[in-house]
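Asks: Can you look at this prediction? I've put the sequence above it.
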Amino acid sequence: MFTNNEISWIRTEVKNSEQTKAISERLLTFIINKQLFKLFLPQTLGGAMLPLSDAIRTFQHCSYIDGTFGWLVTIGSGGGMFAPHFTEQAATAFYTPEDAVIAGSGFPAGIAKEVEGGYIVNGEWHYCSGSQYATIFTATAKLNAEDNTKLLSFIFSPEQVEVIEDWDAMGLKGTSSHTIRITEQFVPTYRTFSIFKKQYQLKDSIYDFPFIPFSQASFTAIVLGIGEHYLEETKAIFQEKSSVWQTDRLTFTTNVLKTATEKMNQAKAMFYHQLDSLWKQHTDKNTITKKQQKAFSTCCKNTVSTILEGTDKLFRLIGMQAVKETSIINRIWRDLHTASQHAFLMPQNEG
């Protein structure tokens, strides 16, 4: 998928985002040229559609290369899932440009008032990854301030959006996951949509796959990829210390690394077994039941927990290098813990 030279180059490019809080124009151009924001769009909309199983593995591999890189590819491609919910006019206009990518939020944090020809929208939405370079923004608002059941989503041009650069998380610093503010902006009716209603007939199977399992698979893949990178870097550190550490310490740390790797590989295998089974079931036109969705949700959260437990045990064994913010291992650890905080991955009682 990527050459060794490309992997090395991507990691070098992203490194500066720790200070700039943004990715470089060179890396953005690379992503666009590889069509990595278009993995859930058909060719008719300028896309590079992949089956879900392949796309999720792509997200994992991108996240293995770098957490910020993987997060932005995953979020950017995920915006393609809105395509059948847009009007045909909006989908054609906003998805077909080569550099098309969406940033936004589905949380109903705004208020929309219906007027002739459309709506006037106001509100603020947090955590809009990719706001640095988005060609359009989407956000969900209430149609009645007192009624949480009447919701509608809106498409905004960058000129209508104020980006408040407030993303200050400890990890994924280059994802520009900022707050956006909309003030008295008019949105014509053709630029409104609901994720519960299709307005444009696209036949690709991905658009009928249940949304929550889709999202959980996507974010679990990010954690898997970052976790894989963490274990690789830890192994390199232990090998580097082999001539310095006493035999007992080296043996102990190596065994902990081996156990963490085995557990992650087992969790990864279970995750992909369930994902591939659900995708096959879906493409065979068989309904995915609520019980199956629940089981997959548990699998995703267990996978993330397994990775965090293993990496945190290793963190304690690496030494002072692990706590230096300028070290690679520290940045990977921060990215891992930031990604795993996504709401879809939160442990909870699902009984």
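Replies: Perfect, thanks for sending it.
Asks: Can you show me the strands along the stretch 51-200 of the chain?
Replies: Secondary structure of the stretch 51-200 of the chain (DSSP state E, counting those that start in this stretch): strands at 102-115, 118-128, 136-144, 147-156, 162-164, 178-188, 192-193.
Asks: Could you check the pLDDT of the closest residue to residue 207 other than its chain neighbours?
Replies: Nearest residue to residue 207, sequence neighbours excluded (C-beta to C-beta, 6 or more residues apart in numbering): residue 84, at 4.8 Å. Yep, even glycine has a C-beta here, placed from its N, CA and C like the rest. Per-residue confidence (pLDDT) for residue 84: 98.
Asks: Neighbours of residue 84, how many?
Replies: When neighbours are defined as other C-beta atoms under 10 Å, residue 84 has 21 of them.
Asks: how about it, what does it touch?
Replies: Going by C-beta atoms under 8 Å, 6 or more residues apart in numbering, residue 84 touches 91, 198, 199, 200, 201, 202, 207.
Asks: wait, the fourth one sits on residue 82?
Replies: No: assessed by C-beta atoms under 8 Å, residue 200 is found out of contact with residue 82, at 9.9 Å.
Asks: Who has more neighbours out of these two?
Replies: Set residue 200 next to residue 82 and count neighbours by other C-beta under 10 Å: residue 82 wins out with 23 against 18.
Asks: Can you list the helices and strands that the strand or helix carrying residue 12 packs against?
Replies: According to DSSP states H and E, residue 12 maps onto helix 4-15. Counting contacts by 3 or more C-beta pairs under 8 Å, 6 or more residues apart in numbering; DSSP states H and E, helix 4-15 packs against helix 25-33, helix 52-65, helix 67-78.
Asks: can you list those helices in a markdown table and add distance to residue 230, mean neighbour count and mean pLDDT?
Replies: Shown next, in a markdown table, are those (distance: least, C-beta to C-beta, whole Å; neighbours: other C-beta atoms under 10 Å; pLDDT from 0 to 100):
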| stretch | distance to residue 230 | mean neighbour count | mean pLDDT |
| --- | --- | --- | --- |
| helix 25-33 | 21 | 15 | 98 |
| helix 52-65 | 10 | 22 | 98 |
| helix 67-78 | 10 | 27 | 98 |
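Asks: quick one: which of those helices is nearest residue 265?
Replies: Residue 265 sits nearest to helix 52-65 of all the helices and strands packed on helix 4-15, at 12.8 Å, using C-beta to C-beta.
Asks: Next, the angle helix 4-15 makes with that closest one.
Replies: For helix 52-65 against helix 4-15, the angle by axes from the mean of the first three to the mean of the last three C-alpha atoms, to 10 degrees is 70 degrees.
Asks: just how off-centre is helix 52-65 within its chain?
Replies: Taking C-alpha atoms, centre = their mean, to the nearest Å, one finds helix 52-65 lying 10 Å from the centre of the chain it belongs to.
Asks: Determine the set of other helices and strands touching that helix.
Replies: Judged by 3+ C-beta pairs under 8 Å, 6+ apart, helix 52-65 is in contact with helix 4-15, helix 67-78, helix 211-240, helix 247-283.
Asks: Spatially nearest residue to residue 346, not counting backbone neighbours?
Replies: Nearest residue to residue 346 in three dimensions, chain neighbours excluded: residue 301, at 7.5 Å (C-beta to C-beta, 6+ apart).
Asks: which SSE is the one you found in?
Replies: helix 290-318.
Asks: which residues of the stretch 201-350 of the chain score low on pLDDT?
Replies: Low-confidence segments of the stretch 201-350 of the chain (pLDDT under 70): 349-350.
Asks: could you redo the last one with a cut-off of 80?
Replies: Scanning the stretch 201-350 of the chain with the threshold set as pLDDT under 80 gives 348-350.
Asks: before we move on, the earlier item: tell me which of the contacts of residue 84 is nearest to residue 162?
Replies: For the contacts of residue 84, the nearest to residue 162 is residue 91 (25.5 Å; C-beta to C-beta).
Asks: per-residue confidence for the spatially closest residue to residue 179 that is not a sequence neighbour?
Replies: Nearest residue to residue 179, sequence neighbours excluded (C-beta to C-beta, 6+ apart): residue 164, at 4.3 Å. pLDDT recorded at residue 164 is 98.
Asks: Number of residues surrounding residue 164?
Replies: Burial of residue 164 is recorded as 14 neighbouring residues (other C-beta under 10 Å).
Asks: what about it, distance to residue 11?
Replies: 29 Å (C-beta to C-beta, to the nearest Å).
Asks: Residue 254 contacts residue 239, correct?
Replies: No: with contact defined as C-beta under 8 Å, residue 254 does not reach residue 239; the gap is 9.3 Å.
Asks: For those two, indicate the residue with more neighbours.
Replies: The neighbour comparison of residue 254 against residue 239 (other C-beta under 10 Å) goes to residue 254, with 16 against 11.
Asks: just the buried members of the contacts of residue 84?
Replies: Buried members of the contacts of residue 84, counted by 16 or more other C-beta atoms under 10 Å: 91, 199, 200, 202, 207.
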